[in-house]
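**Q** Below are the sequence and a predicted model for it; my questions follow.
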Amino acid sequence: MRILIVGSGAREHAIAWKLSGEIGKENIFIAPGNGGTLTCGTNVNGDITDFEALKKIALANDIDTLLPGSEDAIAQGVRDYFEADSASKHIYVLSPDKYAGQLESSKSFAKEFMAKENIPTAAYKAFTHETVNDGYVFLDSLNPPYVLKADGLAAGKGVLIIDNVEEAKAALKDMLVDRKFGDASDTVVIEEFLDGIEFSVFALTDGKNYTLLPEAKDYKRVGEGDIGLNTGGMGAVSPVPFYDENLKQKTIERIVIPTVKGLHNQDLNFRGFIFFGLIAVNGNPYVIEYNVRLGDPETEVLIPMLDESFSELILAAKNEKLTNGTARIKSGYCTTVFAVSGGYPESYKKGKVITLNDNSETLFHAGTKMENDMLCTSGGRVMAATCFGDTLQNALQASYEKLSYIEFENKQYRTDIGNDLKVYTT
Ligand code: AMP
Ligand code: GLY
């Protein structure tokens, strides 16, 4: 296998790290990569949505497999682009095409898909500019809080949860009439609020069969106690201690199997990763959202937890040999905590020199780059300190210790990652 991984985050670093131990770093290319991926393969300049440039890189390096890390390239049709050109159509793009990618890029598409397959999710209705008045009536018929979702990709900012019905109506008007999120809010999904605990389940599928990967829980808010602005993720834990055998069986039977069957029933050109964003309400799983890729920072724990070859799983997907089972998973826990630049997710400084007093492998870089032979910050989320432990407590302690070996000006992090899960471990 010669693989081109598209992206520059800690997710792509974790994937490149795992694959480098399996297929050798000479077979791994990352576009554009970061200061950490340099040690697992070759970084190549390339914007993640400049498909012409990605194709040239792929052809020049004899790439046979392309793995887009984030949703942007998928939503803009990277697979369609590679398949449309006779020079690149032999390259196996591990993602859905643009149409099937709407499972993530359009909330209403995902909701209709689930309705057709009877997959448990919050009750909903979709509205447009023309039907905004019906939207107000629908809001009046619901109990608070009200959940409003911009249909399209809005960088994690398109979901509003509002307690007061008049404020919810004003927000609906902002989105539909005043186009708060631009084209992304041409359609707005209003849905029932589900009160429960969230977790993420991942599968690799070839469109017919699947393999379940380790599950995880992420921490999205910038502040301790999960308050404040949403971020690209401040930390993650795997496995999820409340995801017991009972919840797992319900998730597989009610959600995973019907989803994979639905891809086939609805003739979707889907392969790659399905990220089930789930919520357990009274022990029953519901889908909050689908993503069509691996999560970040969940990948920084789920990839290290995998106790089997990731490249062989990718090959099994390519050869349509996935077995509808669960991948082998290591025992114990894996945790990751992000070191971020002070001020993130609002304004922050870049270009700060990073001193690493710990060079262990599972320090996954995100916003880093080499400048004049010095490792410097180049983004808000700088690096993720991933560690294992026989218990959740020990894994977290190791992650926090690893974090203390990373130095850069105005380093910040959440000190409470995983604390809410300790009650579920004995
Ligand atoms: P989404 O982008 O659809 O994942 O939504 C972002 C976040 O909003 C989720 O991670 C949940 O915390 C919350 N959320 C979304 N939909 C609902 C819902 N129906 N009930 C409760 N919380 C929700
Ligand atoms: N951790 C959430 C995401 O990757 O979208």
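**A** Now that the structure is in, tell me what you want to look at. Residues are numbered from 1 along each chain as shown. Ligands and ions are numbered 1, 2, ... in the order given.

**Q** ok, residue 144 - contacts?
**A** Residue 144 makes contact with 162-165, 168, 193, according to Cβ atoms under 8 Å, 6 or more residues apart in numbering. No exception for glycine: its C-beta is placed from N, CA and C like everyone else's.

**Q** typo on my end, residue 26
**A** By Cβ under 8 Å, 6+ apart, residue 26 lies in contact with residue 41.

**Q** my guess is it is in a helix, correct?
**A** Yes. Under DSSP: H, G, I helix; E, B strand; the rest coil, residue 26 sits within a helix.

**Q** my guess is residue 414 meets residue 236, correct?
**A** No. Using Cβ atoms under 8 Å, residue 414 makes no contact with residue 236, being 11.4 Å away.

**Q** List the residues that are in contact with both of those two.
**A** Listed as contacting both residue 414 and residue 236 by Cβ under 8 Å, 6+ apart are residue 219.

**Q** Just the element for the residue of the chain found nearest ligand 2, please.
**A** Here the chain gets closest to ligand 2 at one residue, residue 295, 3.5 Å apart by Cβ to the nearest ligand atom. Remark: residue 295 resides in no helix or strand, with elements defined by DSSP states H and E.

**Q** right, is stretch 378-398 up against ligand 2?
**A** No. Residues of stretch 378-398 contacting ligand 2 under Cβ under 6 Å from any ligand atom: none, with a closest distance of 11.3 Å.

**Q** List the buried residues in that stretch.
**A** Going by neighbour count (16 or more other Cβ atoms under 10 Å), the buried part of stretch 378-398 is 378-389, 392, 395-396, 398.

**Q** need the residues of the stretch 301-426 of the chain near ligand 2, please.
**A** For the stretch 301-426 of the chain, the contact set with ligand 2 under Cβ under 6 Å from any ligand atom is empty.

**Q** Strands of the stretch 301-426 of the chain, start to end?
**A** 325-326, 333-341, 355-356, 363-365, 368-371, 374-377, 381-389, 406-407, 411-412 (DSSP state E, counting those that start in this stretch).

**Q** again, but for the stretch 151-300 of the chain
**A** Secondary structure of the stretch 151-300 of the chain by DSSP E, counting those that start in this stretch: the strands cover 159-162, 187-191, 197-205, 210-223, 227-238, 272-281, 284-291.

**Q** ok, the fifth one: who's next to it in the sheet?
**A** Taking DSSP bridges as the criterion, strand 227-238 forms sheet pairs with strand 210-223 (antiparallel), strand 333-341 (antiparallel).

**Q** Tabulate the CA atom coordinates of that strand in CSV.
**A** Presented in CSV, the C-alpha positions along strand 227-238 are these (Å, rounded to 0.1, in the frame of the first residue of the first chain):
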residue,chain,number,x,y,z
ILE,A,227,-18.8,25.1,29.4
GLY,A,228,-17.8,27.9,27.1
LEU,A,229,-17.2,28.0,23.3
ASN,A,230,-17.1,24.9,21.2
THR,A,231,-13.7,23.9,20.0
GLY,A,232,-12.2,21.3,17.6
GLY,A,233,-12.0,19.0,20.7
MET,A,234,-10.1,19.4,24.0
GLY,A,235,-9.6,15.7,24.8
ALA,A,236,-11.1,12.2,24.4
VAL,A,237,-11.3,8.8,26.2
SER,A,238,-11.7,5.3,24.9
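
**Q** now it against strand 381-389, angle please.
**A** Interaxial angle, strand 227-238 versus strand 381-389 (axes from the mean of the first three to the mean of the last three Cα atoms, to 10 degrees): 40 degrees.

**Q** Rounded mean pLDDT for strand 227-238, please.
**A** Averaged across strand 227-238, the pLDDT comes to 94.

**Q** Give me the contact status of it with ligand 2.
**A** Yes. Using Cβ under 6 Å from any ligand atom, strand 227-238 comes into contact with ligand 2 via residue 233.

**Q** could you give the angle of that strand to strand 197-205?
**A** Angle of strand 227-238 versus strand 197-205, following the same axes, to 10 degrees, is 50 degrees.

**Q** residues near residue 151, how many?
**A** Residues lying near residue 151 (other Cβ atoms under 10 Å) number 26.

**Q** Report the contact partners of the residue nearest to it when sequence neighbours are not counted.
**A** Closest residue to residue 151 apart from its sequence neighbours, by Cβ to Cβ, 6 or more residues apart in numbering: residue 187 at 3.7 Å. Residues in contact with residue 187, defined by Cβ under 8 Å, 6+ apart, are 106-108, 126-128, 151-152.

**Q** please redo it, this time with the cut-off set to 6 Å
**A** Neighbour list for residue 187: 108, 126, 128, 151 [criterion: Cβ atoms under 6 Å, 6 or more residues apart in numbering].
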